[in-house]
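Peer 1: Give me a 3D structure for the following:
(chains A, B, C and D)
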There are 2 protein chains.
Amino acid sequence: MPQEDAQTNTPQAEVYNRIWRAIADRKMRPGTRLKEEKLAEIFSVSRARVRQALAALEHDGLVTIVPHRGAFVSQPSVEEARDIFFARRAIEAQLARRLCATATPEIVAKLERHVAREREAHAEGDTRTAIRLSGGFHLLLGELAGSPYLWDVLRDLVSRTSLIIAMYQVRTGPDCGPDEHAEIVAAITQGHSDRATELMTHHLEHLEGTLDLEQDASQSDDLSDLLS
Amino acid sequence: MPQEDAQTNTPQAEVYNRIWRAIADRKMRPGTRLKEEKLAEIFSVSRARVRQALAALEHDGLVTIVPHRGAFVSQPSVEEARDIFFARRAIEAQLARRLCATATPEIVAKLERHVAREREAHAEGDTRTAIRLSGGFHLLLGELAGSPYLWDVLRDLVSRTSLIIAMYQVRTGPDCGPDEHAEIVAAITQGHSDRATELMTHHLEHLEGTLDLEQDASQSDDLSDLLS
DNA sequence: GTTTTAATAATTGTTGACAATCTTGATATC
DNA sequence: GATATCAAGATTGTCAACAATTATTAAAAC
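Peer 2: Residues are numbered from 1 along each chain as shown, chains lettered A, B, ... in the order given. Presented below is the predicted three-dimensional model:
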């Protein structure tokens, strides 16, 4: 499942959100250990709260909990990475198609405004916000498509994609520039649903293609670096 | 998010699975209250375990937790119901399409065997297993499509659909007979991907159409029955 | 010098008791 | 009689101490 996670008020949600953002924004590398007591100290909450947050994050696939060993930032395998991209293509293609049918001027305006901000951050060389906005584009698209359920699935997929990029990006590459997003928005604006879905599919394939997903999955540890 | 939930070993997973099945098999009506202490007594576990299980079930959308009030079997609204069906169409259409491209003889055999079992239960008038097998067909399709992630999303969607049917079915109707499933399998067997996706979409629309989703969403309580 | 074994420390898992909140029922007031 | 107020009971939420498990270190054996 997937459903309303990002609550706001309660202190336990605060812990969840902080860790979630840290992982999604790639401030914590995959494999990082998350000690309960340390987190409890950082956030000034009881260990039970941290425990709940970690359990929820495990449900989201961002954290892996090994019994009696602790919680770690997940290290998605190559197979999982490919699967995530397949799921994104399947879902986002449909969302783009639906948006073509339901797009109002306000919706188009929101999309164009977002792409403009992406362009801005990209031009200024502000990589961190560029990354966040880039993921945000896909989330915005899901939000505007009017399916709360798929929006939540998409939120999950985008955050997992962050982990995948952190693990498998070959270098600090172009990182999903705003041009392809602009094209998609253009297709939606004109109501070309087939073209929009095709562009979205291609865009995600392009993103997947920039990663190094060829390595042997059996050597996901640090050992592989030493033996190369 | 959606990911590996149905663990097997641990006692807390046992509680989760038992409650999950009870809801998915429509043995517990939407709105039923789930008292922690009572569940703890039934399953002979501590209240903390029950608490974990309920939290996970809330994440799956099968249970709604109201702070300081307790846990209840969810009562999906009409909007949520429509959204769930939209999501199912989006995802299952893509899964059917993919299966057309990757279907092996073994896969086809598994699908046909399942449909045969559905026919059997239907002919014998065994409604309960017919319902379970009917949902199982969609899950099997997701499993054979080879996307663990979407399979998990589908599992979530199918269980939510059970709740929706429990709430909105107009009577104990035909309940998704096996004939449409057979047609879909036939299309997959022949590799007609467009036809398979179309059949799947239509099948889900048909299922949604058998429900009474016209009622005013503001009257989801029992009062609406009394005032009609 | 390397491997085994044991003792210690650090970390996670669980439980039961207590606090906070809500529901229910009775009583008082209009 | 209907509504408001308040107390008792029931239920959920939280925490801190304790148990179980694993990691680390040191010593011992080869």
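
Peer 1: Near DNA strand D, which residues of chain A? Just list them.
Peer 2: For chain A, the residues in contact with DNA strand D (CB under 7 Å from any atom of the strand) are A:Thr10, A:Gln12, A:Val45, A:Ser46, A:Arg47, A:Ala48, A:Arg49, A:Pro67, A:His68, A:Arg69. The way it works is simple: take the backbone N, C-alpha and C, and place the C-beta from them, glycine included.

Peer 1: Which one of those is nearest to A:Lys38?
Peer 2: Comparing the residues of chain A next to DNA strand D against A:Lys38 with CB to CB places A:Arg47 closest, at 10.1 Å.

Peer 1: Phi, psi for that closest one please.
Peer 2: Backbone torsions of A:Arg47, given as degrees, to the nearest 10, read phi -70, psi -30.

Peer 1: Please pick the buried ones from the residues of chain A next to DNA strand D.
Peer 2: A:Gln12, A:Val45, A:Arg49 (16 or more other CB atoms under 10 Å in any protein chain shown).

Peer 1: Dump the helix or strand containing A:Asp156 to PDB, restricted to CA.
Peer 2: According to DSSP states H and E, A:Asp156 maps onto helix A:148-168. C-alpha atoms of helix A:148-168 as PDB (Å, rounded to 0.1, in the frame of the first residue of the first chain):
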ATOM      1  CA  PRO A 148      -5.200  10.700  -4.900                       C
ATOM      2  CA  TYR A 149      -4.400   7.000  -4.900                       C
ATOM      3  CA  LEU A 150      -2.000   7.100  -7.800                       C
ATOM      4  CA  TRP A 151      -0.500  10.300  -6.500                       C
ATOM      5  CA  ASP A 152       0.500   8.500  -3.400                       C
ATOM      6  CA  VAL A 153       1.900   5.600  -5.400                       C
ATOM      7  CA  LEU A 154       3.800   8.100  -7.400                       C
ATOM      8  CA  ARG A 155       5.200   9.800  -4.300                       C
ATOM      9  CA  ASP A 156       6.500   6.400  -3.300                       C
ATOM     10  CA  LEU A 157       8.000   5.700  -6.700                       C
ATOM     11  CA  VAL A 158       9.700   9.100  -6.900                       C
ATOM     12  CA  SER A 159      11.300   8.700  -3.500                       C
ATOM     13  CA  ARG A 160      12.500   5.300  -4.400                       C
ATOM     14  CA  THR A 161      13.900   6.700  -7.600                       C
ATOM     15  CA  SER A 162      16.000   9.100  -5.600                       C
ATOM     16  CA  LEU A 163      17.600   6.100  -3.800                       C
ATOM     17  CA  ILE A 164      18.200   4.400  -7.100                       C
ATOM     18  CA  ILE A 165      19.800   7.500  -8.600                       C
ATOM     19  CA  ALA A 166      22.000   7.800  -5.500                       C
ATOM     20  CA  MET A 167      23.200   4.300  -6.000                       C
ATOM     21  CA  TYR A 168      23.500   3.900  -9.700                       C
END
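
Peer 1: Just give me how far it sits from the chain centre.
Peer 2: Remark: helix A:148-168 is offset 3 Å from the chain centroid, using CA atoms, centre = their mean, to the nearest Å.

Peer 1: now stretch A:84-94
Peer 2: 13 Å.

Peer 1: so A:Tyr16 sits right up against A:Ala53, yeah?
Peer 2: Yes: if you go by CB atoms under 8 Å, A:Tyr16 and A:Ala53 touch, sitting 4.1 Å apart.

Peer 1: re earlier: and the buried ones among the residues of chain A next to DNA strand D, which is closest to chain B?
Peer 2: A:Gln12 (10.4 Å; CB to the nearest CB).

Peer 1: Return the residues in contact with the residue nearest to that closest one when sequence neighbours are not counted.
Peer 2: Excluding the flanking residues, the one nearest A:Gln12 by CB to CB, 6 or more residues apart in numbering or on different chains is A:Arg49, at 4.7 Å. Contacts for A:Arg49 (CB atoms under 8 Å, 6 or more residues apart in numbering or on different chains) come out as A:Pro11, A:Gln12, A:Val15, A:Ala40, A:Phe43.

Peer 1: helix/strand/coil for A:Arg49?
Peer 2: helix (DSSP: H, G, I helix; E, B strand; the rest coil).

Peer 1: what's the pLDDT at it?
Peer 2: At A:Arg49, the pLDDT value in this model is 95.

Peer 1: Quickly note the distance from it to A:Ile65.
Peer 2: Relative to A:Ile65, A:Arg49 is positioned 16 Å away (CB to CB, to the nearest Å).

Peer 1: again, but for A:Arg113
Peer 2: Counting by CB to CB, the gap from A:Arg113 to A:Ile65 is 40 Å.

Peer 1: and what of A:Arg51?
Peer 2: In terms of CB to CB, A:Arg51 sits 10 Å off from A:Ile65.

Peer 1: anything in contact with each of the two?
Peer 2: If you check A:Arg51 and A:Ile65 against CB under 8 Å, 6+ apart, no residue is contacted by both.

Peer 1: any idea of the mean pLDDT for the helix or strand just after the helix holding A:Asp156?
Peer 2: Downstream of helix A:148-168, the first helix or strand assigned by DSSP H and E is helix A:178-189. The predicted model assigns helix A:178-189 a mean pLDDT of 92.

Peer 1: just stretch A:18-28 next, same as before
Peer 2: On average, stretch A:18-28 scores 92.

Peer 1: which outside residues touch that stretch?
Peer 2: Contacts of stretch A:18-28 (CB under 8 Å, 6+ apart): A:6, A:34, A:39, A:43, A:53-54, A:57, A:60, A:62-63, A:73, A:128, A:131-132, A:135, A:158-159, A:162-163, A:165-166.

Peer 1: Drop anything exposed from those residues.
Peer 2: A:34, A:39, A:43, A:53-54, A:57, A:60, A:62-63, A:73, A:131-132, A:135, A:158-159, A:162-163, A:165-166.

Peer 1: hang on, the earlier thing: A:Arg113 and A:Ile65: which has the busier surroundings?
Peer 2: A:Ile65 (16 against 11; other CB atoms under 10 Å in any protein chain shown).

Peer 1: Can you tell me the strand partners of the helix or strand containing the more buried one and which way each runs?
Peer 2: A:Ile65 is part of strand A:63-66, with elements assigned from DSSP H and E. According to DSSP bridges, strand A:63-66 forms sheet pairs with strand A:70-73 (antiparallel).
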